[in-house]
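[1] sequence first, then the predicted structure:
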Amino acid sequence: MEEKGNVSEDYKKWFNRGYHLRSTMPEVFENMTVPKGEPKEITEAFEAGRKQFEKDFGYEKQREEFRNRMKDQFKNNDKEHGRGR
């Protein structure tokens, strides 16, 4: 966890939970929504943990590369079928 000044113990706990869950059960994050009524600090910490894991292991870059490949593929398919975008 990159330190951002003084953070509460709750923030650290939920950051670590988000990081751990993302590392052990990535499929859970695919369909996860933010629960209503939870304190903002908890939801932000949980999401920050997920993002930190992805940053640490390069998932953000891979995901962006995948998106770009898919956009290119869709454009090529449209051109092949006579549909311009």
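    Right, received. Where do you want to start? Numbers count the residues shown, from 1 in each chain.
[2] would you put the C-alpha positions of the helix or strand of the chain with the lowest mean pLDDT in PDB?
    Sorted by mean pLDDT, DSSP states H and E, the helices and strands of the chain end with helix 26-30, the least confident at a mean of 79. This file holds the C-alpha atoms of helix 26-30, laid out as PDB (Å, rounded to 0.1, in the frame of the first residue of the first chain):
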ATOM      1  CA  PRO A  26     -10.500 -12.000  -9.500                       C
ATOM      2  CA  GLU A  27     -13.800 -13.300 -10.900                       C
ATOM      3  CA  VAL A  28     -15.600 -11.800  -7.800                       C
ATOM      4  CA  PHE A  29     -14.700  -8.300  -8.900                       C
ATOM      5  CA  GLU A  30     -16.100  -8.800 -12.300                       C
END
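[3] which elements pack onto that helix?
    helix 9-24 (3 or more Cβ pairs under 8 Å, 6 or more residues apart in numbering; DSSP states H and E). Where you see a C-beta, it was placed from the backbone N, CA and C, and this is true even at glycine.
[4] what residues sit buried inside the helix it packs on?
    Tyr11, Trp14, Phe15, Gly18, Tyr19, Leu21, Arg22 (16 or more other Cβ atoms under 10 Å).
[5] tell me where the model's unsure across this structure.
    Applying pLDDT under 70 to the chain flags residues 1-5, 60, 83-85.
[6] max-length helix in it?
    helix 59-80 (DSSP state H).
[7] helices or strands next to that one in the packing?
    Counting by 3+ Cβ pairs under 8 Å, 6+ apart, helix 59-80 packs on helix 40-56.
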